[in-house]
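Participant: this is a predicted model, with the sequence first.
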Amino acid sequence: MTLSRKLFLYFFGIFFLIISVITFFQYEREKEFRTEQLDQLLSTYNRTIEKYVSTQSWDSNSLDEFISIFPDSMLRVTLIDSVGAVLFDTSVSDKSKLENHINRPEIQAAQAEKEGKAIRHSTTLGIDFYYMAHYFGNIYVRTALPYNLNLMEMLKANTFFLYFMSFIFLAAVIALFLISKNFTDSITRLRLFTIKAEQGEIEETDIRFPNDELGEISNYIVQLYKRLLKVKDEVNNEKEKLIKHLQISQEGLGIFSTDKKELLVNSHFIQFSNILVGSQTHNSNELFQLQEFSEINKFIDDSLDNNQLTQTKKVIEKNGKVFMVRCIVFQDDTFEISINDISAQEHENELKRHLTQNISHELKTPVSSILGYMESIIDNPDLTPERQKFFIERSYQQAHRLSALLQDISTLNKIDEAGRLFAKERCDVNQVIRDVLNDVHLQLEQMEFIVNLKLRNETTVVGNRSLLYSIFRNLTDNAMAYGGHNLTIEINCYREDEHFYYFSFLDNGVGIPEEHLSRIFERFYRVDKGRSRKAGGTGLGLAIVKNAVLFHKGTISAKAGEGGGVTFLFSLRKL
């Protein structure tokens, strides 16, 4: 049932009840008024007749003659003495035929109240009469009119009033219907608006409301809703911008609820959390359990208790990295933690300062060796063919090392200064890893290496296949060159979110001392310089790995493995 019908029926019921009560009351009052008029007329007859018989000597004829002047020709007049004997009756000439009237209802009432009336059947005449009797001390004067259709019609209420009230009721019903319809029209249209708004059709909705107070309120509600919808869209846009900013930000950012539950984190935050915790974490709970985070935990708890907008920062050094951790508590009791790898900037500056010196030093060694061998051959023409061949082979090895060095430098320069030259395409990382392992399987078998793969069913990124190949090839070559023999390599895609894949590459070899972990991605940096040159390395392999990861919008770090060796943690952006 609609609101308009409910409202109409509600007011209809109330108005019907009021009209019915008024009509009934007025109808009964009209009947009572007409009865009183008849009683007053008959009372006037009774008093007139009593005055006549008490002041005049009368007989039946004179009294009949006197009564005949009354306007009611059907009037019956009866005189009764104090004991009930009939002295006179206009309708019966022989009084002896009339029985004692003392027990008549109207006489009994007149005896008690001086006045009495009754509507009853006359046993004398056999018809119904309306009787009115008065007792004047020694005589009863009773007048009566036949209770026929004419008298009953006279006693009825005026039917005009009933017709008038019916007309008023009908007009009121019509007015109620129109008023209720007009009153609920705004509500109905507002309900239609809410339905369309819920269905997302608000932009296509043009609902007009009546020009009244309720219509003005409805229009205000609609306009307010549209403004709120616009504000909501703007907030969502800003939220989307914030999320994108978090994902591309170079610092680790995480937003948490009051109970330290993760609401939103970016890839850098996950990467830095892994380094701080020392293991691959699937959420940030373990971060707050670190001893180094005790001061930050206390700050968060105190700030939430004081309900103040405050912030703090702390420097944490862990696993060869130095992080600046900042925390800010917002008014809604959520808080933000940012983690910045401040060691990276320092290392980058140091790299720039020593880059020229390192390149000069690295180029000087093979060039000097080649010149020395060539001078020996030129200055000693009597050398045996075997000795000359030995010097030429050594010169060729150094030239090959110099070529590899220049190629690595060229690759790094391309990534740093002209990354756009590397074409991007959809690449299956799983297939790239398998290609690397196929290319080095002979060396792996000779060195008795075991490779464990923990990959996802699908790891597709949009990137450069050559650079992806260089990431896993250089890490594998690095493990074979410096890790030792009879080792295990594990390549694990341990986490995935909307934008990134997260990988770990670990071996259980000799490892890298922790004091060197923060610098191994620097160009030409060697943990054991003599051993590295003997292995034929250029000192640029891990630098290429880092820059290839950065090319794919990821991050990379290294930490000492729990069972020895070294673990590389890095991320690759999907798109």
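Facilitator: Good, I have the coordinates.
Participant: just checking, Gln388 touches Met374?
Facilitator: No. Taking contacts as CB atoms under 8 Å, Gln388 lies outside contact range of Met374: 10.7 Å. Bear in mind the C-beta positions are built from the backbone N, C-alpha and C, glycine included.
Participant: what segments of the stretch 151-300 of the chain are strands?
Facilitator: 252-256, 262-265 (DSSP state E, counting those that start in this stretch).
Participant: now, of those strands, which is deepest in the fold?
Facilitator: Highest mean neighbour count of the strands of the stretch 151-300 of the chain: strand 252-256, a mean of 21 (counted as mean count of other CB atoms under 10 Å).
Participant: got the contact list for that strand?
Facilitator: By CB atoms under 8 Å, 6 or more residues apart in numbering, the list of residues contacting strand 252-256 from outside reads 246, 262-266, 268-273, 284, 334-340.
Participant: again, but for stretch 264-276
Facilitator: When contacts are defined by CB under 8 Å, 6+ apart, stretch 264-276 is touched by residues 243, 246-247, 249-255, 280-281, 284, 286-287, 290, 292, 316, 318-319, 321, 323, 337, 339, 341, 495, 497, 499-500, 502, 554-555, 557, 559, 569-571.
Participant: show me which of the residues you listed are buried.
Facilitator: Among the contacts of stretch 264-276, those buried by neighbour count (16 or more other CB atoms under 10 Å) are 246-247, 251-255, 281, 284, 286-287, 290, 316, 318-319, 321, 323, 337, 339, 341, 495, 499-500, 502, 554-555, 557, 559, 569-571.
Participant: what ranges do the strands span in the stretch 401-550 of the chain?
Facilitator: If you assign secondary structure with DSSP E, counting those that start in this stretch, the strands in the stretch 401-550 of the chain sit at 425-428, 450-454, 460-463, 488-496, 500-507.
Participant: quick one: which of those strands is nearest Gln311?
Facilitator: Between Gln311 and these, the shortest gap by CB to CB is with strand 500-507, which sits at 27.9 Å.
Participant: and the angle for that closest one with strand 450-454?
Facilitator: Calculated by axes from the mean of the first three to the mean of the last three CA atoms, to 10 degrees, strand 500-507 forms an angle of 160 degrees with strand 450-454.
Participant: now the angle from strand 500-507 to strand 488-496?
Facilitator: Using the same axes, to 10 degrees, strand 500-507 lies at 160 degrees relative to strand 488-496.
Participant: any idea which residue sits dead centre in this protein?
Facilitator: Lys232 (11.3 Å; CA atoms, centre = their mean).
Participant: OK, contacts around that residue?
Facilitator: For Lys232, no residue meets the contact criterion (CB under 8 Å, 6+ apart).
Participant: same thing with Ile179?
Facilitator: Residues counted as contacts of Ile179 (CB under 8 Å, 6+ apart): none.
Participant: ok, now how distant is it from Phe505?
Facilitator: 81 Å (CB to CB, to the nearest Å).
Participant: likewise for Ile18?
Facilitator: Going from Ile18 to Phe505 by CB to CB gives 90 Å.
Participant: now do Ile378
Facilitator: Shown here: Ile378 relative to Phe505, a distance of 47 Å by CB to CB.
Participant: between these two, tell me which one has more neighbours.
Facilitator: A count of neighbours by other CB atoms under 10 Å puts Phe505 above the other of Ile378 and Phe505, at 23 against 8.
Participant: contact partners for that one?
Facilitator: Taking CB under 8 Å, 6+ apart as the test, what Phe505 contacts is 472, 475, 489-492, 567-568, 570.
Participant: please apply the same query to Tyr52.
Facilitator: Under the criterion of CB under 8 Å, 6+ apart, the contact partners of Tyr52 comprise 58, 63, 66.
Participant: that one looks like it's in a helix, true?
Facilitator: Yes. Applying DSSP: H, G, I helix; E, B strand; the rest coil, one finds Tyr52 inside a helix.
Participant: just the pLDDT for it.
Facilitator: pLDDT, Tyr52: 89.
Participant: over to Thr194?
Facilitator: Reading off the confidence values, Thr194 has pLDDT 75.
Participant: can you start the count at 146 instead of 1 from here on
Facilitator: All right, first residue 146 from here; so that's Thr339.
Participant: how many neighbours does it have?
Facilitator: The local packing of Thr339 (other CB under 10 Å) involves 14 other residues.
Participant: returning to what we had before: can you tell me which of the buried ones among the contacts of stretch 409-421 end up in helices?
Facilitator: Counting by DSSP state H, the buried ones among the contacts of stretch 409-421 place 391-392 in helices.
Participant: so Ser202, which state does it fall into?
Facilitator: Taken by three-state DSSP, the conformation at Ser202 corresponds to coil.
Participant: quick check: phi and psi at it.
Facilitator: Summarising the backbone geometry of Ser202 under the convention degrees, to the nearest 10, its torsions are phi -80, psi 130.
Participant: that one and Asn191, how far apart?
Facilitator: Here the criterion is CB to CB. By it, Ser202 lies 20 Å from Asn191.
Participant: kindly report the same for Asn356.
Facilitator: As defined by CB to CB, Asn356 lies at a distance of 69 Å from Asn191.
Participant: more neighbours, the two?
Facilitator: For Asn356 versus Asn191, neighbours defined as other CB under 10 Å are more numerous around Asn191 (22 against 8).
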